[in-house]
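K.L.:
from the sequence below, what's the structure:
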Amino acid sequence: MFGLVARRVAGASSLVRSIPVLASGTLRSFASQSTSTKKSISTTDGSSQWVGLTMDQDYLKKNTTLNRPTSPHITVYAFPFAANLSVLHRATGIALSAYICTAGIALALNPLDVYINAIQSLHLAAPIIAFGKFALAFPLSYHTGNGIRHLIWDTAHQVTKEQVNSSGIFTIGTGVALALLAAFL
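P.N.:
Purely as a prediction, here's the structure:
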């Protein structure tokens, strides 16, 4: 089965964390099989403080007792503008991959004329066709523009927070403009 696993702190001879280990088909704690000395650190007031968890502690209770803040949950955390652009870059990359895979499979099954005739036979209104073209063009235009922005960053240019934010706004604007141009062609 799996072997015993333990984590050591640099310079410490004792185990400071118990890790559940699967052995002989049962889940057991490594700390329950060994005796370990507690590792402590000195605080600013000179007292010592245990840095690990013992078997009778839980994480939240220990951090509450020590007046440590809890990390904010993703639903209350406001992502920075650059992080949102990173998520958008990944999403457009996924969309482009989906477009290419779908188009490849569809074109392997039938020639392009079959799909063009099928779309034309739906008699869709011009705004719906324009929106569909925009939805196809925006991921390509934004992802390409943001890729160029990343290449500029690789040369160590435009890397301050203000420059990153302004180039991000420019990239979104350019992506939307190019997608609108493609949608109305």
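K.L.:
test my guess that residue 180 contacts residue 134.
P.N.:
Yes - Residue 180 sits in contact with residue 134 when judged by Cβ atoms under 8 Å, with a separation of 6.6 Å. Any C-beta I mention is one placed from the backbone N, CA and C, and that applies to glycine too.
K.L.:
which residues touch the residue positioned nearest the centre of the chain?
P.N.:
With distances taken as Cα atoms, centre = their mean, the chain has residue 87 as the residue nearest its mean C-alpha position (7.1 Å). Applying Cβ atoms under 8 Å, 6 or more residues apart in numbering to residue 87 gives the contacts residue 79.
K.L.:
do you know how far it is from residue 174?
P.N.:
With distances taken as Cβ to Cβ, to the nearest Å, residue 87 is found 18 Å from residue 174.
K.L.:
equivalent analysis for residue 184, please.
P.N.:
Distance from residue 184 to residue 174, counting by Cβ to Cβ: 16 Å.
K.L.:
between the two, which one's more packed in?
P.N.:
For the pair residue 184 and residue 174, the greater number of neighbours falls to residue 174 (17 against 11), based on other Cβ atoms under 10 Å.
K.L.:
the more buried one is in what secondary structure piece?
P.N.:
Here residue 174 is covered by helix 161-183, with elements defined by DSSP states H and E.
K.L.:
residues making contact with that helix?
P.N.:
With Cβ under 8 Å, 6+ apart as the contact definition, helix 161-183 has outside contacts at 81-82, 85, 88, 130-131, 133-134, 136-138, 140-142, 145-146, 149, 152, 158.
K.L.:
what's the average pLDDT for that helix?
P.N.:
When pLDDT is averaged over helix 161-183, the result is 97.
K.L.:
in this protein, which spans are helices?
P.N.:
In the chain, the helices defined using DSSP state H lie at 59-65, 81-109, 112-121, 126-154, 161-183.
K.L.:
now distance to residue 47 too, for these, in TSV please.
P.N.:
Written out in TSV, the entries for those read as follows (distance: least, Cβ to Cβ, whole Å):
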stretch	distance to residue 47
helix 59-65	14
helix 81-109	39
helix 112-121	74
helix 126-154	47
helix 161-183	40
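K.L.:
which residue packs closest to residue 91, ignoring adjacent ones?
P.N.:
Of all residues not flanking residue 91 in the chain, residue 139 sits nearest, at 8.0 Å (Cβ to Cβ, 6 or more residues apart in numbering).
K.L.:
what sits against the one you found?
P.N.:
Residue 139 is in contact with 91, 92, 93, 95, 96, 99, counting by Cβ under 8 Å, 6+ apart.
K.L.:
so which of the residues you listed wins on neighbours?
P.N.:
Comparing these by number of neighbours (other Cβ under 10 Å), residue 92 comes first, having 21 neighbours.
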